[in-house]
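1. I would like to see how this sequence folds:
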Amino acid sequence: MVNNGNGAPAGEDVSPSLNALAQYIKDLSFENPNAPRSLAPQANPPQISISVNVNAKQLSDTDYEVELTLEGKAGEAPNLLFSFELLYAGIFRLANIPAENKHPVVMIECPRLLFPFARQIVADAVRNGGFPPLFIDPIDFAALFRQRISEMQGGDQPVA
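-> The predicted structure follows:
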């Protein structure tokens, strides 16, 4: 058997790869509880709050389902203009990625690939609800990952 110098048989591709096999909406909710009153021009722009969460589960040795949750609202009760919740997911295949790098790839790179699609779904839902489209600012998934690791370790120390 011919060896390509890194322990793998010659001709076998050993370069790391990340492939999106599928992307889909698992749950989408948009509420416009005060329509049509909420559609009237507002004197002041509403306070918009958005939360982000990422979860993943391993489906096989190489495949992972990654869920990106975006929740938000404009205004406060009783004058809530709108609220939304999107659970957008994808199936990703990781190949030739070292074990110590899989968790960061799944929790940083996979949601980074999902985000533009989820952002557009939210913008369209808000626009279809009668408001100007809401374009969510880019999200630093690496910082979100470090924060989550720090919380799981029970401290506020930075994680390399």
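
2. What distance do you get for the residue sitting nearest the centre point of the chain to Ser38?
-> Centroid-nearest residue in the chain, with C-alpha atoms, centre = their mean: Leu68, separated by 3.3 Å. Per C-beta to C-beta, to the nearest Å, Leu68 is found 27 Å from Ser38. Glycine gets a C-beta too; all of them are placed from N, C-alpha and C.

3. Thr62 - nearest residue in space that isn't next to it in sequence?
-> Among residues not flanking Thr62 along the chain, Arg93 sits closest, at 5.2 Å (C-beta to C-beta, 6 or more residues apart in numbering).

4. From the contact counts, what lies against the helix or strand in which the residue nearest to the centre of the chain is found?
-> Per DSSP states H and E, Leu68 falls inside strand 63-74. Judged by 3 or more C-beta pairs under 8 Å, 6 or more residues apart in numbering; DSSP states H and E, strand 63-74 is in contact with strand 48-58, strand 82-95, helix 110-128.

5. got the angle for that strand vs strand 48-58?
-> Inter-element angle recorded for strand 63-74 and strand 48-58: 170 degrees (by axes from the mean of the first three to the mean of the last three C-alpha atoms, to 10 degrees).

6. Strand 63-74 pairs with which strands, parallel or anti?
-> Neighbouring strands of strand 63-74 in its sheet, by DSSP bridges, are strand 48-58 (antiparallel), strand 82-95 (antiparallel).
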